[in-house]
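1. Below is the structure, and that's it, no one-letter string:
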DNA sequence: CTTGACGTGAGGTACGTAACTCACTAAATC
DNA sequence: GATTTAGTGAGTTACGTACCTCACGTCAAG
């Protein structure tokens, strides 16, 4: 009834413990035939390696680094908070997580940090940054050094990252578009899209999804050219004010990412808040308060706690070649309204 | 830099390993003063027990039982599938999960199963069933026997369950109501609510939340008396057909739980599908297909994988008195549209 | 003074696995 | 024929913790 151990395998296969160990850890110097004997015994007895005992014996420590942009963005703050929470709680497994802040808006600096990373010190890296050729090269180097690499929030598809932990941003944009269309009830008018920076892949994909569904299903809505904040909130406030004054028939605003606070300020200043349907991304203290105040209609989010924990599970799985439970690691596009907002 | 062990504590406190062990496991025969010495050393060195090593030494196995209603409901099927998935993947911890099917619609039989449960064989139980006095008494017995008990999907508040794993159903109802109201764009008309059984607490709470928000924010919509399926799909189809014919001004339908398939069939038969705004609960093969076919507007769901994994984590935490990460265990009310539907 | 309960230390074994050494055989190579 | 090498078994130590036994000292009640 109790789980079989290596000893049972050895007995069943008729080989010694050492041979079982050699096979299980794919060490050399084992005859093909013995390998098969052991494998058959494993199969027959349903042996599964006791990971915690193995890690204990190996004194294995997983050391992971999270490369996070050093921006004052509220979304990044929630990610850092989630990372801190993970660090507080001593998991059953010996995992250490280092958070490394990389200058935001400077992909080269990020690439340099990646290149300078001591590959001896880490088993895996989670990277949140836009993809550039330099970043791609740095990731390839990390992979070659044997580290597990996951892309966080924004994908790095052309690099050899092992995994992407984040939402399907095109689908997120489509979701935002569908809700915008439904909420506007077939009215004729304009929709404004506001972006942090159109350089980052996630913004582009969201925009693409949003435009697509509006064109398909809500042709009565006209999407205005995207307003870009370039991470300058003062600039953003004035541009949004200007646009809102110029276009009195703007019915809805879709905020692709950063700049939520500035957009809200601009709308409050122009008195257009609550008369516009507002859809924003990421649940932060700003958007939470705006939801509660009925200023924002919907927030599209990804659960940062899940993001961080999933990254760690995936990094661990890659660094010791164990399978991944896809359904657990799939990051959902969550739709948050005032009603299903979770407290705290 | 490496984690302190019991040895370090013993050295720091100036006592023997045995004494440290006695203190850490709160065994008798230790002087007050020695207890304090050890506790101070633990604090100073930041010692945290290595749970996997401890479990290894204890040959501890967590044995959990899941009591699940034996209905042909698609939602229950997805829960069983999630349970099976968990059983397949051998976690790092030695956890065994038994699924026990209890007759649906027979709370007494469920109570009898709980009463008959061998308290020696299990460390914890997750229970999905409506609350009755018999169930409450059975839960109290389990608690007294030292088992951890969580309520799954539907809460058992008056029993002494340790934890509830599921969504806030009143908030789920409010969410459904708010979406229904927004999607109906201020039109005047009727809304139909269909329930599996109004006995179960989750249905009542959803209905309550739904009615509340419609009354508050969408007074132009009239909610018809609830149609109850009593888990009889043929009956449900004919009632829904009848109601739909009698009331030509039904604009929306809110399905509180079971019977989704019958409702869809009835609407298809009466040709009212797609002309009604339809909001249903739980993502199953039925509702998924209906979402993809644009027959359902929104599905409100709880992630069953999360539900099951969270239950297990919580049961484990309660059975060895370790803290719970609230943010990880909070089950979210997920809003699913065709656009943010995840594949598979 | 004896008895016994209490408090403590020393030391051991065990859990399941990893990783190592040493010894040995059989076959291949020199 | 001597040397190497691949393949194997036997055995040991270690990881961090639990839990056990035994011995010993202290102190108070009988």
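-> Structure's in. What do you need? The structure presented is a predicted model; accordingly, all values stated were derived computationally and were not measured. Numbers count the residues shown, from 1 in each chain, chains lettered A, B, ... in the order given.

2. What about the closest residue to residue A:119 other than its chain neighbours, how many residues nearby?
-> Sequence neighbours aside, residue A:145 is the residue nearest to residue A:119 in space, at 3.8 Å (criterion: Cβ to Cβ, 6 or more residues apart in numbering or on different chains). Where you see a C-beta, it was placed from the backbone N, CA and C, and this is true even at glycine. Residues within reach of residue A:145, counting by other Cβ atoms under 10 Å in any protein chain shown, total 12.

3. if I look at residue A:145, how far off is chain B?
-> According to Cβ to the nearest Cβ, to the nearest Å, residue A:145 and chain B sit 22 Å apart.

4. again with residue A:332
-> Distance from residue A:332 to chain B, by Cβ to the nearest Cβ: 6 Å.

5. Show the residue spans covered by the helices in the stretch 151-300 of chain A.
-> A:169-183, A:201-217, A:233-246, A:260-270, A:285-292 (DSSP state H, counting those that start in this stretch).

6. Near DNA strand C, which residues of the stretch 1-150 of chain A are found?
-> A:2-3, A:5-7, A:17-18, A:21, A:24-25, A:47, A:49-50, A:53-54, A:56-58 (Cβ under 7 Å from any atom of the strand).

7. List, out of the residues you listed, those positioned next to chain B.
-> Contacts with chain B within those, as defined by Cβ under 8 Å from any Cβ of the partner chain: A:3, A:50, A:53, A:56.

8. Make a PyMOL selection of whichever of these turn out to be buried.
-> Per 16 or more other Cβ atoms under 10 Å in any protein chain shown, the buried members of these correspond to this PyMOL selection:
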select buried, chain A and resi 50+53
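
9. Save the ones next to chain B among the residues of the stretch 1-150 of chain A next to DNA strand C as CSV, and put in distance to DNA strand D, pLDDT and secondary structure too.
-> Putting these into CSV (distance: Cβ to the nearest atom of the strand, whole Å; pLDDT from 0 to 100; DSSP: H, G, I helix; E, B strand; the rest coil) gives the following:
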residue, distance to DNA strand D, pLDDT, secondary structure
A:3, 16, 80, coil
A:50, 11, 86, coil
A:53, 7, 87, helix
A:56, 4, 86, helix
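
10. JSON lines for the ones next to chain B among the residues of the stretch 1-150 of chain A next to DNA strand C, including distance to residue B:256?
-> JSON lines is the format used below for those (distance: Cβ to Cβ, whole Å):
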{"residue": "A:3", "distance to residue B:256": "43"}
{"residue": "A:50", "distance to residue B:256": "45"}
{"residue": "A:53", "distance to residue B:256": "47"}
{"residue": "A:56", "distance to residue B:256": "49"}
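
11. What are the contacting residues of stretch A:145-164?
-> With contacts defined as Cβ atoms under 8 Å, 6 or more residues apart in numbering or on different chains, stretch A:145-164 is touched by A:66, A:68, A:79, A:119, A:122-131, A:135-136, A:139-140, A:142-143, A:165-166, A:169, A:200-202, A:302, A:307, A:311, A:314-315, A:318-319, A:324, A:329.

12. which residues sit in contact with the residue nearest to residue A:169 when sequence neighbours are not counted?
-> Using Cβ to Cβ, 6+ apart and skipping the chain neighbours, the partner closest in space to residue A:169 is residue A:205 (3.7 Å). Residue A:205 is in contact with A:169, A:170, A:172, A:173, counting by Cβ under 8 Å, 6+ apart.

13. how many other residues sit next to the first one?
-> As a burial measure, residue A:169 scores 27 neighbours (other Cβ under 10 Å).

14. Let me see the confidence value for residue A:159.
-> With respect to pLDDT, residue A:159 scores 87.

15. what's the answer for residue A:312, then?
-> So, for residue A:312, pLDDT stands at 95.

16. show me the contacts for it.
-> A:64, A:86, A:95, A:97, A:126.

17. quick one: it and residue A:76, what's the gap?
-> Counting by Cβ to Cβ, to the nearest Å, the separation of residue A:312 from residue A:76 is 18 Å.

18. can you list the contacts of residue A:205 in a markdown table and add pLDDT and distance to residue A:287?
-> What follows is these, written out as a markdown table (pLDDT from 0 to 100; distance: Cβ to Cβ, whole Å):
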| residue | pLDDT | distance to residue A:287 |
| --- | --- | --- |
| A:169 | 96 | 17 |
| A:170 | 96 | 21 |
| A:172 | 98 | 15 |
| A:173 | 98 | 17 |
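
19. Quick check: of those residues, which lies closest to DNA strand C?
-> Comparing the contacts of residue A:205 against DNA strand C with Cβ to the nearest atom of the strand places residue A:169 closest, at 38.8 Å.

20. you'd agree the closest one is up against residue A:209?
-> Yes. Applying Cβ atoms under 8 Å as the test, residue A:169 and residue A:209 come out as touching, 7.1 Å apart.

21. Tell me, how many residues neighbour the nearest residue to residue A:208 once chain neighbours are set aside?
-> Among residues not flanking residue A:208 along the chain, residue A:170 sits closest, at 5.7 Å (Cβ to Cβ, 6+ apart). Counted by other Cβ under 10 Å, the residues lying close to residue A:170 total 19.

22. again, but for the one 3 residues further on
-> Counted by other Cβ under 10 Å, the residues lying close to residue A:173 total 30.

23. ok, so what distance separates the closest residue to it other than its chain neighbours from residue A:253?
-> Once flanking residues are discounted, residue A:173 sits nearest to residue A:209: 2.7 Å by Cβ to Cβ, 6+ apart. Using Cβ to Cβ, we find residue A:209 at a distance of 16 Å from residue A:253.
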